[in-house]
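Peer 1: fold the stuff below for me.
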Amino acid sequence: MTQSWLGMDVGGSKIHIRIEDSAGQARMDAQWPTGRWGGESYAFKAARMAELIALAAGQAGLAAPPRAIGIGAHGCDTPDECTRMTALMAGHFPDSACQVVNDAALVALCASQPHAAGLIAGTGSVAAALGPEDHWLLAGGWGWLVGDEGGASGLVREGIRAVLTDWDRGRSDDPLAIALTRAFGADHLLDLPSQLLRQPVSVWSRHASVIFECLQAGSPLAAGVVDAAAESLAELIARLCRRGARIDCVVAAGGVIRHQPPLFDRLAARLRKHDPRLSLLLLACPPVMGGVALARRLVAPSLVRSVSRGA
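Peer 2: Residues are numbered from 1 along each chain as shown. Next up, the predicted model:
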């Protein structure tokens, strides 16, 4: 009987499931909206994931449950939370090896290196790496109100802070001040902070591209914001190292780090300054592939294939 391996990536907006056979060929690969998630009980979340796994297994035509199930779940932020969710999923699939980790860990699991860290700079920012007791350690991911430096929301927030500080110093002619005021449709740059409360972060964080456009136009304020963002992302990795994570390379994912080379280049330089041996790669596959790698590793580590070489 052909064995199968299932990977699942549960994000804030979508759930991605991929099932592979023993040869590494996809039996199915599909996505669904996450739906209700934040604030729901562990039992509710486990039932939702189990429902979709059963649906995916049916679509793949499996005659038996997957041999192993590797899940990266948004909101499983501590070892205790991951252990509890793993136990619930094992109850739904007693004949499958199961493990639940934070969804950020899937980025690291996509790398062929055993000591890779995952770094996401999308709307928000977070880093993940294996700690000394094989628990996944997280740094960052606090949300735009108090963190997410280096993510789109943090970049916009810090861009607004920079132009307001410049205003207090008697200046308002930096290209970033003009561009952000125009992007938000504000009457005056002093109205920018209130704009962050009038729309969802998923909407206004898209203005992060304005900062990079101003950087190319020679804005000193934009340059300072991007430099600080790179420093903050490098600091996430440094925190993981100080907590005992062994990190040989950093695998980066997320729309900001992928589509903004100036941030990638600055981050690479700061990582080398922290440790000359640290390399920075871009994730070259969907994070759900990390879930498949996790599933394979649960049963036989030798079956874990290289699924990302970076770009």
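
Peer 1: for the rest of this, base every contact and every neighbour count on C-alpha atoms.
Peer 2: OK.

Peer 1: tell me the domain ranges of this structure?
Peer 2: Following automatic domain parsing, one finds the domains of the chain at 4-110+285-303, 152-282.

Peer 1: highest average neighbour count across those domains?
Peer 2: Of all the domains of the chain, domain 4-110+285-303 carries the top mean neighbour count, a mean of 20, counting by mean count of other Cα atoms under 10 Å.

Peer 1: and that one, how far out from the chain middle?
Peer 2: The chain centre lies 16 Å from the centre of domain 4-110+285-303; the measure is Cα atoms, centre = their mean, to the nearest Å.

Peer 1: what's near enough to touch residue 204?
Peer 2: Residue 204 is in contact with 153, 184, 196, counting by Cα atoms under 8 Å, 6 or more residues apart in numbering.

Peer 1: with residue 176 instead?
Peer 2: Residues near residue 176 by Cα under 8 Å, 6+ apart: 159, 163, 210, 211, 214, 219, 221, 222.

Peer 1: doesn't residue 228 make contact with the first one?
Peer 2: What it means is residue 159. No: using Cα atoms under 8 Å, residue 159 makes no contact with residue 228, being 10.5 Å away.

Peer 1: does residue 222 really touch residue 215, like I thought?
Peer 2: Yes: under the criterion of Cα under 8 Å, residue 222 makes contact with residue 215 at 5.1 Å.

Peer 1: what are the ranges of the helices in the stretch 201-311 of the chain?
Peer 2: Taking DSSP state H, counting those that start in this stretch to define them, one finds helices in the stretch 201-311 of the chain at 201-204, 208-216, 220-242, 255-259, 261-274, 288-299.

Peer 1: alpha carbons only: can I get the helix or strand bottoming out on mean pLDDT in the chain in PDB?
Peer 2: Ranked by mean pLDDT, DSSP states H and E, the weakest helix or strand in the chain is helix 201-204, scoring a mean of 88. The C-alpha coordinates for helix 201-204 follow below in PDB (Å, rounded to 0.1, in the frame of the first residue of the first chain):
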ATOM      1  CA  VAL A 201      -4.000  46.700   9.100                       C
ATOM      2  CA  SER A 202      -4.300  44.500   6.000                       C
ATOM      3  CA  VAL A 203      -5.400  47.600   4.100                       C
ATOM      4  CA  TRP A 204      -3.100  50.300   5.300                       C
END
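
Peer 1: show me what contacts the residue lying closest to residue 246 once chain neighbours are set aside?
Peer 2: Of all residues not flanking residue 246 in the chain, residue 115 sits nearest, at 5.8 Å (Cα to Cα, 6 or more residues apart in numbering). Applying Cα under 8 Å, 6+ apart, we find residue 115 in contact with 129, 130, 246, 247, 248, 249.

Peer 1: now those as a markdown table including pLDDT and distance to residue 11?
Peer 2: What follows is the contacts of residue 115, written out as a markdown table (pLDDT from 0 to 100; distance: Cα to Cα, whole Å):
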| residue | pLDDT | distance to residue 11 |
| --- | --- | --- |
| 129 | 92 | 18 |
| 130 | 88 | 20 |
| 246 | 88 | 26 |
| 247 | 92 | 24 |
| 248 | 88 | 26 |
| 249 | 91 | 24 |
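
Peer 1: between which two of those is the distance greatest?
Peer 2: Of all pairs drawn from the contacts of residue 115, the greatest distance, 12.4 Å, lies between 130 and 249 (Cα to Cα).

Peer 1: which neighbours do the two have in common?
Peer 2: Counting by Cα under 8 Å, 6+ apart, the shared contacts of residue 130 and residue 249 are 115, 117.

Peer 1: could you check the pLDDT of residue 5?
Peer 2: Looking at residue 5, its pLDDT reads 93.

Peer 1: would it be right to say that it lies in a strand?
Peer 2: Yes: membership of residue 5 in a strand is supported by DSSP: H, G, I helix; E, B strand; the rest coil.

Peer 1: so what's it bridging to?
Peer 2: Judged by DSSP bridges, the bridge partners of residue 5 are residue 20, residue 68.

Peer 1: check the contact between it and residue 66; I expect there is one.
Peer 2: Yes: Residue 5 lies in contact with residue 66 (Cα under 8 Å); the separation is 5.4 Å.

Peer 1: about what we covered before: same list (the contacts of residue 204) but as JSON lines, adding pLDDT.
Peer 2: Below are the contacts of residue 204 laid out as JSON lines (pLDDT from 0 to 100):
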{"residue": "153", "pLDDT": "92"}
{"residue": "184", "pLDDT": "95"}
{"residue": "196", "pLDDT": "92"}
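
Peer 1: in helices only, show me these.
Peer 2: Counted as lying in helices by DSSP state H, out of the contacts of residue 204, are 153, 184, 196.
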